[in-house]
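**Q** Fold the following for me, if possible:
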Amino acid sequence: MSSKTTESKSNTSAQGNSPSNTEVESRTTSAGSNTSAAEERSAKIAVTIFPLIIIVAFLFAFITPETVQPFAGYVTPALGIIMFGMGLTLTAPDFKMVAKRPLPILIGVVSQFVIMPLLGVALAWAFGLPPALAAGVVLVGSAPGGTSSNVISYLAKGDVALSVTMTTVSTLLAPIFTPLLTLWLAGSWMDVSASDMALSIIKIVIIPVAAGLVVRYVGGKYVKKFLPAMPWISVIGIAYVVMAVVSGSADKIVEAGAIVLIVVVLHNGLGYALGYLVAYLTGSNRAAARTTSVEVGMQNSGLAAGLATLHLSPEAALPAAVFSVWHNISGGLYASLLLRLDARRERREAEIAQAVN
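**A** Take a look at the predicted model:
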C-alpha cells in the first residue's frame, strides 16, 4: 500500500535539521497534492484493517490448506499486480526527492540493506533455526522496504515524502541487493541462485512498477480516479500470497510456528530501534528518524514470500508470511506509542512554560 502526503515547505532541509514542533505537526493531506484526500482516507482505512484481513487469511489457509492449494499457483502475478499499483502511485516529485535530500535517503536505504539482513543472520544463529527457516529469515531481511511503511510513517508524524522515496529507491535496488545479500548470508544454509532471483525481481517488481509509471503518466487525471482502490488491491494481493504460502507449509507451522513468531517479532522490533538509532546518530531530525525507523523495520514480506516460494522452498517462505501479519500490527502499535510520547512531551513543555510565566 503506497500512500503519500505533502509537507509544509518550511520543513526540513536536505541535511534534516531539527524542525520546530509546529513544523513537525504541519504535515497534512491536501486535495491539491500528489495524493488526494480520498487516497489518504482509503489507505488509512486499509492499513488499519489490513492486519485483521491477513490474520483471517493466515488462519483460513492453515485450517483448510486443501481448499487453498488448488489456487496457490499465482503468487508471481499477484505480486506483479501489487507492484503495478505501487508504480501508479509514483510521480516525478518522488524521484526529484533523491536529488534534493540525498543524505537522509542514503542513510535510510543503506540501513535497510545492512541492518535487517545482518539481524536476520544473527537471529537465525541465535535460535538455531533449521536451514530453510534461517534462509527465509535472511531473505525477509534482504527485501526492500514495505509499501505500507508510507502509511505508518504518516500515522507516526514521520516525514512521508521521505518515506515514499526511500521505499521507491530500495525497491528499485532490490534486483541487485536482495539476491546478492541472500546468496552471501544464506548461501551456507540453502542453494541460492542470485541470477535467477534477480531475474524474478525484475519480472515481479521492476517491469510492473515501470508499467505503472507509464500508465500514470499517460492516463493522468483518469488514472487518479482509480487510485483510492489501489491500497485494497494490495491488501487482497498480499492476503492471497500469505494464503498460498501458509497452505503449502501448514505442517511446518505446527512444528516451528512459535519460534518463527518470536524471531519475526525480534527482527521487526530491533529493526525499528536500530533504524531510529542510526538516523539519530547521523543527525536526522525527529520526523526523518521516525521514517527511517519504520522503513528499516517494515519489509516487503510479500515479495520475500514469493521469492522464497520460487527459489528456496515453501518452508523458507514461512517467516515472510508471519512477517506480513506481524509488521502491520506492530507498525500501528509503534505509531501509537510515538504519538503518546509526543503528547507527553507536549504536556511537559506546556507545564514548564506555564511555570516560567
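**Q** now the helices: where do they sit in the stretch 101-250 of the chain?
**A** 102-126, 131-142, 149-155, 160-186, 194-201, 207-219, 221-224, 230-248, 250-281 (DSSP state H, counting those that start in this stretch).
**Q** Of all those, which one comes closest to Glu66?
**A** Closest approach to Glu66 among those (C-beta to C-beta): helix 230-248, 8.0 Å. (Glycine included, C-beta is placed from N, CA and C.)
**Q** Report all helices and strands that that closest one contacts.
**A** helix 37-63, helix 65-68, helix 75-89, helix 301-311, helix 318-356 (3 or more C-beta pairs under 8 Å, 6 or more residues apart in numbering; DSSP states H and E).
**Q** which helices and strands does the last one pack with?
**A** If you count contacts as 3+ C-beta pairs under 8 Å, 6+ apart, helix 318-356 packs onto helix 37-63, helix 131-142, helix 149-155, helix 230-248, helix 250-281, helix 286-297, helix 301-311.
**Q** same thing but at 6 Å, please
**A** Secondary-structure packing of helix 318-356 (3 or more C-beta pairs under 6 Å, 6 or more residues apart in numbering; DSSP states H and E): helix 37-63, helix 131-142, helix 149-155, helix 230-248, helix 250-281, helix 301-311.
**Q** before we move on, back to that, looking at the helices of the stretch 101-250 of the chain, which is nearest to Glu315?
**A** Using C-beta to C-beta, the nearest of these to Glu315 is helix 131-142, at 4.1 Å.
**Q** Mind checking the pLDDT average for the closest one?
**A** Helix 131-142 carries an average pLDDT of 95.
**Q** separation between the closest residue in space to Trp125 that isn't next to it in sequence and Val263?
**A** Of all residues beyond its chain neighbours, the one nearest Trp125 is Ala134 (7.8 Å), with distances taken as C-beta to C-beta, 6 or more residues apart in numbering. Distance, Ala134 to Val263, by C-beta to C-beta, to the nearest Å: 9 Å.
**Q** For Ile202, grab the count of nearby residues.
**A** 14 (other C-beta atoms under 10 Å).
**Q** measure it to Pro70 for me?
**A** Counting by C-beta to C-beta, the gap from Ile202 to Pro70 is 29 Å.
**Q** Ok, Ala320 next?
**A** For Ala320 relative to Pro70 (C-beta to C-beta), the value is 22 Å.
**Q** Neighbour count for those two, which is higher?
**A** Remark: of Ala320 and Pro70, Ala320 carries more neighbours, 28 against 8, as counted by other C-beta under 10 Å.
**Q** Gly297 touches Ala273, doesn't it?
**A** No - in terms of C-beta atoms under 6 Å, Gly297 does not count as a neighbour of Ala273; the distance is 8.1 Å.
**Q** Neighbour count: the two, which is higher?
**A** More neighbours surround Gly297 than the other of Gly297 and Ala273, with 29 against 14 (other C-beta under 10 Å).
**Q** Quick one: residues contacting that one.
**A** 268, 271-272, 275 (C-beta atoms under 6 Å, 6 or more residues apart in numbering).
**Q** Pipe those residues into a markdown table and attach pLDDT per row.
**A** Listed next are the contacts of Gly297 as a markdown table, based on pLDDT from 0 to 100:
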| residue | pLDDT |
| --- | --- |
| Asn268 | 96 |
| Gly271 | 95 |
| Tyr272 | 96 |
| Gly275 | 95 |
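**Q** Export those as a markdown table, with columns for neighbour count and distance to Ala288.
**A** As requested, the contacts of Gly297 are arranged in a markdown table below (neighbours: other C-beta atoms under 10 Å; distance: C-beta to C-beta, whole Å):
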| residue | neighbour count | distance to Ala288 |
| --- | --- | --- |
| Asn268 | 26 | 20 |
| Gly271 | 26 | 16 |
| Tyr272 | 22 | 15 |
| Gly275 | 26 | 11 |
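**Q** Can you pick out the most distant pair from the residues you listed?
**A** With C-beta to C-beta as the measure, no two of the contacts of Gly297 lie farther apart than Asn268 and Gly275, at 10.7 Å.
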